[in-house]
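S.K.: I would like to see how this sequence folds:
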Amino acid sequence: MKEIRPVALSRAWRAHGRRRLGRLLVLLTLLIGYLIWPYVTLWRLDRALVRNDQIVLARLMDLDAIRDELRRRLNKDVDSASGPPSDAFIVWLEEAIRRDGTAALETQVDLAWVRDRMLAYSPPGTGLRPALARAFFDGPGQFSLRLNADCGGPVFVRLGFTGSGWRVQALYY
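M.R.: Here you go, the predicted model:
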């Protein structure tokens, strides 16, 4: 039987420890990257809103998901994560229905509408920062913004993680 020397055992333990430390550093780097990612997306979204960059806005917004969430919000028989509609939203919806009928959500909820709602409480050219009251995770795949105003109710924006990154999936006020 071969005798194990303490030096060989020590080298093996050090190599094993380095591998574990390497794995831990990779996992930590991935976690930090995931936690920073929605804030980077928020910065990209802010710049695209200020510049009115329709190409970037189209990539960062899921208009179908935004419309679906608005439909769920209006349907009393279906649960909605956004709660009951505000008075300002009801007024907007009534005007949109008078103009466009039952297709109001499809015709009115577009990139321009979302941009206008998101920038409604910020001075022109300043982006989201003046109105941004909250930007934080609600869950592993949900990131929420709250935009406040001195003269009105807040605007809530929810980003969701898709396979390709973070996108705006809900907007309500």
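S.K.: show me what the helix of greatest length in the chain is packed against.
M.R.: Ranked by residue count and defined by DSSP state H, the top helix of the chain is helix 6-51. Using 3 or more CB pairs under 8 Å, 6 or more residues apart in numbering; DSSP states H and E, the elements in contact with helix 6-51 are helix 54-60, helix 111-119, strand 132-139, strand 142-147, strand 155-162, strand 165-172. For the C-beta atoms, the positions are set from N, CA and C on the backbone; glycine is no exception.
S.K.: from residue 102, how far off is residue 121?
M.R.: From residue 121 across to residue 102, the span is 30 Å (CB to CB, to the nearest Å).
S.K.: of those two, which one has the most company?
M.R.: Legend: neighbour count by other CB atoms under 10 Å for residue 121 and residue 102, higher for residue 121 (20 against 7).
S.K.: so who does the more buried one touch?
M.R.: Residues in contact with residue 121 (CB atoms under 8 Å, 6 or more residues apart in numbering) are 130, 131, 147, 148, 149, 152, 155.
S.K.: among these, which pair sits farthest apart?
M.R.: Taking CB to CB as the measure, these span a maximum distance of 14.1 Å, between 130 and 152.
S.K.: for residue 84, report the pLDDT, please.
M.R.: Looking at residue 84, its pLDDT is 64.
S.K.: so, low pLDDT: which residues of this structure?
M.R.: 1-10, 12-13, 16, 76-85, 151 (pLDDT under 70).
S.K.: repeat the analysis, applying 90 as the threshold.
M.R.: Low-confidence segments of the chain, defined by pLDDT under 90: 1-22, 68-108, 120-121, 125, 149-153, 163-164, 172-173.
S.K.: now do the contacts for residue 164.
M.R.: Applying CB under 8 Å, 6+ apart, no residues contact residue 164.
S.K.: distance check, residue 159 against residue 37.
M.R.: 10 Å.
S.K.: common neighbours of those two, please.
M.R.: residue 166.
S.K.: which one of the two has more residues nearby?
M.R.: A side-by-side neighbour count of residue 159 and residue 37, using other CB under 10 Å, places residue 159 first with 26 against 14.
S.K.: how many residues are close by the residue nearest to residue 128 when sequence neighbours are not counted?
M.R.: Counting by CB to CB, 6 or more residues apart in numbering, residue 128 lies nearest to residue 46, which is 4.8 Å off, once chain neighbours are set aside. Residue 46 has 18 neighbouring residues, counting by other CB under 10 Å.
S.K.: identify the bridge partners of the closest residue to residue 173 other than its chain neighbours.
M.R.: Spatial nearest neighbour of residue 173, excluding adjacent residues (CB to CB, 6+ apart): residue 155 at 4.5 Å. As for beta bridges, residue 155 partners with residue 147 under DSSP bridges.
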